[in-house]
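Q: any chance you could fold what I've pasted below:
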Amino acid sequence: MPKNFFIISAKEVSIKRKGKVAVISYLDPDREGGINLEIGPEIEKMSDLDIVEAHNNMVRNMEEHRKANPYVAREIPDGKPQIERSKVTRQWTACGNVLRCCIESSFRSANVPVMEVDGRRLSWREFGELVSVYEGWGMRIVFVPDDELQKTPAIALAESEEDMPGHEKLLKMKPETSC
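A: Numbers count the residues shown, from 1 in each chain. A predicted model of the protein is given here:
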């Protein structure tokens, strides 16, 4: 489960009520944040223990749902737009859950990257806005040669380049083209 969703006890949290919402804060300083659990008008009749149980039932339901419905990321086919400009937010949004892009240098500063997606150069800020809609999700970044963006690479667990099979060849490889 994500870091903010776990079974809790009443001793581990403080609970405040804001209208129809239970604001649950973790007492352990090593745990970040908390959760705003929308309950509805029945919150007025609920004890803190009732709210903890409602929270824990939500977590159990989420776990069951995730087990019954494994996540499958949707990748937009090559040649189709992966991003579009939202008329509502006026920022770029992803059309799928996989984003193929190239990292390039900014015209202004070599230390500030731009991300090229579908031939569009997105500033670091624009790219941050694009991925910000996934707040609370995880993200894996896999770096691949720019001519292999459409392929899902094999991934080997290794602590260093020397642990990789054929690492001598990897050291000699340099990309010759860019996106």
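
Q: for this protein, which segments count as helices?
A: Along the chain, the stretches classed as helices by DSSP state H are 48-68, 124-132, 167-172.

Q: of the ones you listed, which is nearest Thr89?
A: In terms of CB to CB, the element of these nearest to Thr89 is helix 124-132, at 8.0 Å. C-beta coordinates here come from the backbone N, C-alpha and C atoms, glycine included.

Q: who does that closest one touch, helix- and strand-wise?
A: Counting contacts by 3 or more CB pairs under 8 Å, 6 or more residues apart in numbering; DSSP states H and E, helix 124-132 is packed against strand 92-94, strand 113-117.

Q: list the strands paired with the longest one, with their directions.
A: This points to strand 113-117. For strand 113-117, the paired strands and their directions (DSSP bridges) read strand 102-105 (antiparallel), strand 120-122 (antiparallel).

Q: any idea which of those scores lowest on pLDDT?
A: In terms of mean pLDDT, the lowest-scoring of the strands paired with strand 113-117 is strand 102-105 (a mean of 90).

Q: CA atoms only: put that one into CSV for me.
A: Output in CSV follows, covering the C-alpha atoms of strand 102-105 (Å, rounded to 0.1, in the frame of the first residue of the first chain):
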residue,chain,number,x,y,z
CYS,A,102,14.1,12.8,-24.2
ILE,A,103,16.2,14.9,-21.8
GLU,A,104,17.8,17.9,-23.5
SER,A,105,19.6,21.0,-22.5
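
Q: number of residues surrounding the nearest residue to Ile155 once chain neighbours are set aside?
A: Take Ile155 and drop its neighbours on the chain: the residue closest to it by CB to CB, 6 or more residues apart in numbering is Val142, 6.9 Å away. Applying other CB atoms under 10 Å, we find 7 residues neighbouring Val142.
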